[in-house]
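A.B. asks: Whatever this is, show me its structure:
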Amino acid sequence: MVYNKKMKRLYIHVPFCVKKCLYCDFYSITDNSLIDDYIKAVIRNIPDMKFDTLYFGGGTPSLLTASQIAAIIEAANPTTTAEISMECNPQSSGLEYFREIRKAGVNRLSIGIQSLHDETLRKLGRLHDSDTAVKTVYDAYEAGFENISADIMLGVSDTRDSAKLCKLPLKHISAYMLKVEKNTPFYSMENLNLPDEDSVCDAYLEAVETFRENGFMQYEISNFAKAGYECKHNLGYWECEEYIGIGPSAHSYSGGKRFAVPREINAFIEADTQPTYITDENPGGIDERLMLGLRLMQKGVVCNKNVDRYVKAELLRKQGDTIFLTPKGALVSNSIITDLVY
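C.D. replies: This is a model prediction of the structure:
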């Protein structure tokens, strides 16, 4: 893989978990004895460049020690103003840990709360309870983190967590609707007792309104932020910028092609340079740019097709030649995009 030296975004996939969540399709393993060798492999794969954003995703990045995080950040050589994000799980974090990783260079946290209801957390296979989730946010704040995000999952119960989240010291919220993926325990389980589609849609629209009332602007279909706290790293994906991904299952967009690393940690650790395979020879076409651009609720995309029926149905809004999804339209965005592209 040839790196575009102008790239400014670096993603590190940390494929370690204490336990696999029942709904999760991301690549992770529970053999944490491989962490030291994994760290060495990550560091030798980081190119000699400077990055404006660095994102530790997982898996559970908070299973790494602060010194391991610091070693990766030092190797990545980020700019002095870089956004350095790290995903954390409540059960593997705490006040002292947050102080240590902040000192190591992390300046943005994404905390995997998923729900503020214990029964729902048990259903998802999460290891924390709601009290721990709330305490984790306050611990991060006390440790000096200002830019704190929380992940919440819609469509797993009839409860509403939106208003409770808005009372926490958060600057960003990611609210996802549960999708039951193949090759997960959820896919083969019976009697999941999940809400129906209408209930999930109602929960989404209610969340959008609650977040808006509390100052969280919807800047992407599933992402809401106080002014100035949009995730710079993820904005790069949606704006079709090139980036580097390191670690098993990580993806890259470089030199006009998309690449992926095989989902196998031993192959990653043993190779001098991480193995990759091409997933897309010609990315960035009109269909992809339309799909990604429409996800950005405040930016929109230029479209010369007749969209009057969508505007009348309040699925799109239009300013000149630029179209924007409405929250209602976000629920059927795939159908709208398919229609507009083909």
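
A.B. asks: Which parts of the stretch 1-150 of the chain are strands?
C.D. replies: 9-14, 51-58, 78-88, 108-114, 147-154 (DSSP state E, counting those that start in this stretch).

A.B. asks: Output those strands as CSV; include the columns mean neighbour count.
C.D. replies: Every C-beta, even on glycine, is put in place using the N, C-alpha and C of the backbone. Shown next, in CSV, are these (neighbours: other C-beta atoms under 10 Å):
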stretch, mean neighbour count
strand 9-14, 25
strand 51-58, 23
strand 78-88, 19
strand 108-114, 25
strand 147-154, 22
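
A.B. asks: which one of those strands lies closest to S222?
C.D. replies: For S222, the closest of the strands of the stretch 1-150 of the chain is strand 147-154, at 9.0 Å, according to C-beta to C-beta.

A.B. asks: so that closest one versus strand 78-88, what angle?
C.D. replies: Strand 147-154 runs at 40 degrees relative to strand 78-88, counting by axes from the mean of the first three to the mean of the last three C-alpha atoms, to 10 degrees.

A.B. asks: which other helices and strands contact the helix or strand following strand 147-154?
C.D. replies: Note on strand 147-154: by DSSP states H and E, the next helix or strand toward the C-terminus is helix 162-166. If contacts are counted by 3 or more C-beta pairs under 8 Å, 6 or more residues apart in numbering; DSSP states H and E, helix 162-166 sits against strand 147-154, helix 197-213.

A.B. asks: run the last query once more with 10 Å
C.D. replies: Where contact means 3 or more C-beta pairs under 10 Å, 6 or more residues apart in numbering; DSSP states H and E, helix 162-166 is packed against helix 130-142, strand 147-154, strand 172-177, helix 197-213, strand 223-225.

A.B. asks: Start and end of stretch 180-193, how far apart?
C.D. replies: 13 Å (C-alpha to C-alpha, to the nearest Å).

A.B. asks: Check which residues of the lowest-mean-pLDDT helix or strand in the chain are buried.
C.D. replies: Lowest mean confidence among the helices and strands of the chain (mean pLDDT, DSSP states H and E): helix 185-188, at a mean of 72. Buried residues in helix 185-188, counted by 16 or more other C-beta atoms under 10 Å: F186.

A.B. asks: And for stretch 163-179?
C.D. replies: Across stretch 163-179, burial judged by 16+ other C-beta under 10 Å covers K164, L165, C166, L168, L170, K171, H172, I173, S174, A175, M177, L178.

A.B. asks: Pull it out as CSV, backbone CA atoms only.
C.D. replies: What follows is stretch 163-179, C-alpha atoms only, in CSV (Å, rounded to 0.1, in the frame of the first residue of the first chain):
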residue,chain,number,x,y,z
ALA,A,163,-32.7,13.4,28.4
LYS,A,164,-30.5,11.7,31.0
LEU,A,165,-27.4,11.9,28.8
CYS,A,166,-28.0,15.7,28.3
LYS,A,167,-27.6,16.2,32.0
LEU,A,168,-24.0,14.7,32.0
PRO,A,169,-20.9,16.8,31.2
LEU,A,170,-20.8,15.7,27.5
LYS,A,171,-19.9,17.7,24.4
HIS,A,172,-20.9,15.0,21.9
ILE,A,173,-23.3,12.1,21.6
SER,A,174,-23.4,9.2,19.1
ALA,A,175,-26.8,7.6,19.0
TYR,A,176,-27.0,4.4,16.9
MET,A,177,-30.0,2.2,16.0
LEU,A,178,-29.2,-1.4,16.7
LYS,A,179,-28.6,-3.5,13.6
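
A.B. asks: Quick check: mean pLDDT of that stretch?
C.D. replies: Taken as a whole, stretch 163-179 has a mean pLDDT of 93.

A.B. asks: Next: stretch 210-222.
C.D. replies: 96.

A.B. asks: what do you get for stretch 194-201?
C.D. replies: On average, the pLDDT along stretch 194-201 is 83.

A.B. asks: tell me the helices in the stretch 201-342 of the chain, going along the chain?
C.D. replies: For the stretch 201-342 of the chain, helices defined by DSSP state H, counting those that start in this stretch occupy the ranges 232-238, 265-270, 286-295, 308-312, 327-330, 333-341.
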